[in-house]
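>>> When you get a sec, could you give me coordinates for this:
(chains A and B)
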Number of protein chains: 2
Amino acid sequence: MYYVGIDVGGMSIKAGIIDENGKILANQFIVTEPEKPSDEIVEDIARLIEDIVRDYGITISDLNGIGMGFPGSVWDQKGEIVYCCNINLVKVPVCKMLTARLGVKNIKISNDANCAALAETRFGAGRGALNSVMITIGTGLGTGIVVDGKLLTGNRSAGAEGGHMQINFGGPTCGCGKKGHYEAYASATALIEQTRQEMDRHPESILHKVVQLYGLNGKTVFTAAKQGDKVAVGVLNKYIKYVGTGLVNFANLFYPEVIIVGGGVSRQGDVLVKPLQRYVSRNVYGSKYNPKIKVAAAELGNDAGIIGAACLAMN
Amino acid sequence: MYYVGIDVGGMSIKAGIIDENGKILANQFIVTEPEKPSDEIVEDIARLIEDIVRDYGITISDLNGIGMGFPGSVWDQKGEIVYCCNINLVKVPVCKMLTARLGVKNIKISNDANCAALAETRFGAGRGALNSVMITIGTGLGTGIVVDGKLLTGNRSAGAEGGHMQINFGGPTCGCGKKGHYEAYASATALIEQTRQEMDRHPESILHKVVQLYGLNGKTVFTAAKQGDKVAVGVLNKYIKYVGTGLVNFANLFYPEVIIVGGGVSRQGDVLVKPLQRYVSRNVYGSKYNPKIKVAAAELGNDAGIIGAACLAMN
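Numbers count the residues shown, from 1 in each chain, chains lettered A, B, ... in the order given. Predicted coordinates:
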């Protein structure tokens, strides 16, 4: 079976032909032109689909479905983009438009964090799980929640906004303007800020030297911690507690079989995931009586976007 | 159609004959004997079911199903009580036992907070909603979550423990021993403690006088606030922020049509619910683009337990 998965981002629009086992048979991309009129962006997507299908040697009528993930708010059931972050897509009935344009009936959309969660749960770090929560650690912090094999999206798909869960009174300000949100503690942006503060406080530290040599980014604290720098280890331990706090909250609410950590920071692997596993196991409510919740790093990397989008059309 | 709903509590075991519209046709109760051997407690439940059915003039074979709610951890799918708070029911396969004893095949169980949520969503304050979250404010704080018309319980029904969601670093200690949990800020126990602290600080306040006259309980602060006492209004405003913080977190994750507030404190009605409604509407993420989430007081009171238990067997 053939599905097309589309992953719309601020920089590029990626397309993949995906089979029913989540395997990528072909992929292509175009550069996003975020300020174009929305109907032209949709037309670009239509052409991208036509191109990838033709280049792979099949036709549009061979497709079992098309799925798309967008970085923003999407009304899944209605097939409408509500708004997109940094892309001119507001109230766009993209499914109807593409069905009219391509003649494909089975076209589904969702938020990109939801797509990633679906891909990882079906074909990645969560294989075999019926229930999972995935956090994607990036500039912000996205969450995707799978319950009984299906995405939890809430009324008009407005839910699954776990980055805006308040975990502290006061504290740093979130991108949304409120204080104490999970995203403001656990995103890569937050980690970089936490690193910067401790680096400034400790000019004698290895952490400080690493920044001078390589610049400051989400990897900095891991690099310095590997060299045994106490300041870096301190930053990392606090960050793990912050990330862990949100994961425990998700664990208590959803009690999934697996919690998946994705985004650039998750490439650090065991250094991040093992202490998170310990934190969750130690702090989840009722762990004495209940099965262990596995914490795992995402496996599909950037491919999760197109694979997860295709998954939307597989149900 | 006839269902029996059983609500097991620390003080009493209530039974009701419930029809498919959630109407209570008959009810009875027995006193709980929490330290009895578990098979004797199950036998008491069996006899209670036989009694209520006989007294109503029908037979066990007329029942379409039986549902039961327990105050503790329940493995819904397996039909097993994992453990109960203050009642000697640990690892009890109660559904199998009662099926063998009564010959009824359709027997379902869940946690009592889940039953209340189900009852209120189908037949109470959440009528018509497909998605809802209910908090029950009592000694602790229970949560029940309905997604697409079904209870969200998680793997082995270990989820929906929203009372143990961390909303602050540090802060008061929860019944479970951890700090900063929602329950430790928003339960009736927490409200009473918050009232006590401010009363001690302000012996000149009306709040202080109300306590001397009527004793200290969950109503105290409402009584004093109604008389315009600034100290009481201060306690109440903080409490509303605490309760609201958790509700906003649930709203961001589940984006339900309705959030239902139950338990004794919810009988205060608008004084509590209106400011909570404002708090949720003001703080939920993406409220500009998304439908309003209604905050409502529970309507079914103590009947929610037996009605919700019966609902378990209606699917």
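
>>> in which helix or strand would I find A:Leu25?
If you go by DSSP states H and E, A:Leu25 is part of strand A:24-31.

>>> typo on my end, A:Val231
Using DSSP H and E, A:Val231 falls in helix A:230-254.

>>> Is that helix positioned near chain B?
Yes: using C-beta under 8 Å from any C-beta of the partner chain, helix A:230-254 reaches chain B at A:245, A:248-249, A:251-254. From N, CA and C alone the C-beta is placed, and that goes for glycine too.

>>> Give me the buried entries from the residues you listed.
A:245, A:248-249, A:251-254 (16 or more other C-beta atoms under 10 Å in any protein chain shown).

>>> quick one on the thing from earlier: got a list of contacts for the strand holding A:Leu25?
Here strand A:24-31 makes contact (C-beta atoms under 8 Å, 6 or more residues apart in numbering or on different chains) with A:2, A:11-19, A:44, A:48, A:51-52, A:55-56, A:303, A:306-307.

>>> Can I get the buried part of those residues as one ChimeraX selection?
Buried residues among the contacts of strand A:24-31 (16+ other C-beta under 10 Å), as a ChimeraX selection:
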select /A:2,13,14,15,16,17,18,44,48,52,56,303,306,307
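
>>> Would you mark the buried spots in the helix holding A:Val231?
A:231-236, A:239-254.

>>> again, but for stretch A:201-216
Here stretch A:201-216 shows A:202, A:205-208, A:210-211, A:216 as buried, counting by 16+ other C-beta under 10 Å.

>>> Sitting in helices, which of the residues you listed do you find?
Assignment to helices by DSSP state H places the following of the buried residues of stretch A:201-216 there: A:206-208, A:210-211.

>>> Would you format those residues as CSV with pLDDT and distance to B:Val261 included?
Converted to CSV, those look like this (pLDDT from 0 to 100; distance: C-beta to C-beta, whole Å):
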residue, pLDDT, distance to B:Val261
A:Ile206, 97, 52
A:Leu207, 97, 47
A:His208, 97, 50
A:Val210, 96, 50
A:Val211, 96, 49
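
>>> Check these one by one and keep those near chain B.
Applying C-beta under 8 Å from any C-beta to these, none is adjacent to chain B.

>>> Tabulate these (CSV), appending distance to A:Thr143.
What follows is those, written out as CSV (distance: C-beta to C-beta, whole Å):
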residue, distance to A:Thr143
A:Ile206, 33
A:Leu207, 29
A:His208, 33
A:Val210, 30
A:Val211, 30
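
>>> out of those residues, which one sits closest to chain B?
Distance to chain B across these (C-beta to the nearest C-beta) is lowest for A:Leu207, with 23.3 Å.

>>> Skip the chain neighbours and tell me the closest residue to that closest one.
Excluding its sequence neighbours, the residue lying closest to A:Leu207 (C-beta to C-beta, 6 or more residues apart in numbering or on different chains) is A:Ala224, at 4.1 Å.

>>> right, and that neighbour touches A:Ile206 too?
Yes: A:Ala224 is within contact range of A:Ile206, at 4.8 Å (criterion: C-beta atoms under 8 Å).

>>> joint contacts of these two?
Common neighbours of A:Ala224 and A:Ile206 (C-beta under 8 Å, 6+ apart) are A:231-232.

>>> what angle separates the helix holding A:Val231 from helix B:230-254?
Here the directions of helix A:230-254 and helix B:230-254 differ by 80 degrees (axes from the mean of the first three to the mean of the last three C-alpha atoms, to 10 degrees).

>>> which ones are touching A:Ile6?
A:13-15, A:45, A:48-49, A:66-69, A:306, A:309 are the contacts of A:Ile6 under C-beta under 8 Å, 6+ apart.

>>> Can you tell me which of the contacts of strand A:24-31 end up in strands?
Among the contacts of strand A:24-31, DSSP state E puts A:2, A:12-18 in strands.
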